[in-house]
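Colleague: no sequence on this one, just coordinates:
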């Protein structure tokens, strides 16, 4: 049950003009984010008003067999650059420091990234469409009551929450079916219990016994 190469987009709000402006992006690994074989990532890009209220947004799956949250965070920017009109001036806010640092370090840093194919698309598309793109970072999972870093506003917090919510919804839509996830979870838990049992037995042996080779016996 491989991840699809097809992009499926769900739009929220109205008047999706994808013009110049301030955008926020986020990604989620879904319920099984910690299990590589069944991890399916969702992404989101939103535009909000000056108070942080949602104007419109898009949530979508991460296409392709490589399903990592850092790649999904970067793919959200790829999606945005593909959608916006030529000659747009875009400020993109991400809570992923890797995306922020690598993009602002330039194409040479992007080509050294494990996701160099996506950075290539971003830099090529901004040149082809003459887009002026600025990427800004903000901390994730903050509340308005927290002490915020310089340059981060309450509107940023609310906007990031919209992107985070839509990314989670996209990850849920992309999740593998129960018939696929259940066997993986069962055998993963079984292997974990066996490893724990063997470790417990090993720790309980006298020091001289630990150095002896373990004899093989039928299970």
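Modeller: Ah, there it is. Computed from a prediction, not measured in an experiment: that's the story for all the values here.
Colleague: Tell me if residue 133 really is in a strand.
Modeller: Yes: counting by DSSP: H, G, I helix; E, B strand; the rest coil, residue 133 falls inside a strand.
Colleague: Burial check on residue 102, number of neighbours?
Modeller: 20 (other Cβ atoms under 10 Å). To be clear about C-beta, it is placed using only N, CA and C from the backbone, and glycine gets the same treatment.
Colleague: Any buried residues in the helix or strand hosting residue 190, and which?
Modeller: Element membership for residue 190 (DSSP states H and E) is helix 178-204. Residues of helix 178-204 classed as buried: residue 181 (neighbour count, 16 or more other Cβ atoms under 10 Å).
Colleague: cool, and stretch 162-170?
Modeller: Residues 162-170 are the ones in stretch 162-170 that count as buried (16+ other Cβ under 10 Å).
Colleague: and it, how far from the chain's centre?
Modeller: Centroid separation for stretch 162-170 versus its chain: 10 Å, with Cα atoms, centre = their mean, to the nearest Å.
Colleague: Wait, residue 45 touches residue 21, no?
Modeller: No: using Cβ atoms under 8 Å, residue 45 is not in contact with residue 21, being 11.4 Å away.
Colleague: Pretty sure residue 60 sits in a helix.
Modeller: No: looking at residue 60 with three-state DSSP, it is strand, so not inside a helix.
Colleague: OK, contacts around it?
Modeller: Listed by Cβ atoms under 8 Å, 6 or more residues apart in numbering, the contact set of residue 60 reads 7-10, 42-44, 79, 170.
Colleague: Neighbour-wise, which one of these leads?
Modeller: Highest neighbour count within these: residue 43, with 33 neighbours (other Cβ under 10 Å).
Colleague: Now do the SS call for the closest residue to residue 50 other than its chain neighbours.
Modeller: If you skip the residues right next to it in sequence, residue 50 has residue 155 as its closest partner in space, 6.3 Å away by Cβ to Cβ, 6 or more residues apart in numbering. Secondary structure state of residue 155, per three-state DSSP, is helix.
Colleague: Distance-wise, check residue 155 relative to residue 138.
Modeller: 11 Å (Cβ to Cβ, to the nearest Å).
Colleague: Counting neighbours, what do you get for the residue nearest to residue 61 when sequence neighbours are not counted?
Modeller: Distance criterion Cβ to Cβ, 6+ apart; nearest residue to residue 61, sequence neighbours excluded, is residue 174 at 4.1 Å. Neighbour count for residue 174, taken as other Cβ under 10 Å: 23.
Colleague: before we move on, what about residue 140?
Modeller: Neighbours of residue 140 under the rule other Cβ under 10 Å: 15.
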